[in-house]
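Novice: Give me a 3D structure for the following:
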Amino acid sequence: MPKYVYRKPDGEEIVLTMTIAELEARQFEGQDHKLFIELDDGSVAKRVFTPVGGHQPSVWPKRSCAAGVAVTQVAEAEKYDREHGVPTKYDPKTGDAIYTSMEHQRRHLRHHGLVDLDSYC
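Specialist: So this is what the prediction gives:
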């Protein structure tokens with residue numbers, strides 16, 4: 001659900017989580033075309049457009065079950081990929097391929113004739 005940041009007159013920032021329908025029902029436009037909301041305590045806060053959540057974690061390293069191998073083939077697959085210029089680690093417990101970056105994923109998939117339908121690789 002989306003999060004919205006509002007600043008009270010005393011400078012305190014409030015982060016509200018609500019649906020777009022709730023936002024449209026509660027938020028209003030002031031005389032200076034700024035967006036405001038009436039809070040549950042009756043006070044009014046101004047909308048501020050600051051990022052919420054701080055640092056977003058990276059998805060890398062990323063695992064791929066589809067590009068993985070059988071657990072018994074992990075060592076053989078790592079050797080094969082290393083010899084062909086796409087060194088790739090595989091999870092020894094599951095056989096999943098482990099990618100370190102989008103470029104690594106793209107090169108590995110192309111080398112093995114695979115396509116990632118969730119990206120432009």
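Novice: Give me the neighbour count for Gly95.
Specialist: 17 (other C-beta atoms under 10 Å). Just so you know, the C-beta spots here come from the backbone N, C-alpha and C atoms, and that holds for glycine as well.
Novice: Quick check: closest non-adjacent residue to it.
Specialist: Gly68 (4.3 Å; C-beta to C-beta, 6 or more residues apart in numbering).
Novice: go on, Arg47?
Specialist: Spatial nearest neighbour of Arg47, chain neighbours left out: Leu35 (3.8 Å); criterion: C-beta to C-beta, 6+ apart.
Novice: How about the contacts made by the one you found?
Specialist: Residues near Leu35 by C-beta atoms under 8 Å, 6 or more residues apart in numbering: 27-29, 46-47.
Novice: ok, what's across the strand from it?
Specialist: Beta-bridge partners for Leu35, by DSSP bridges, are Glu29.
Novice: Quick check: pLDDT value at it.
Specialist: As predicted, Leu35 sits at a pLDDT of 88.
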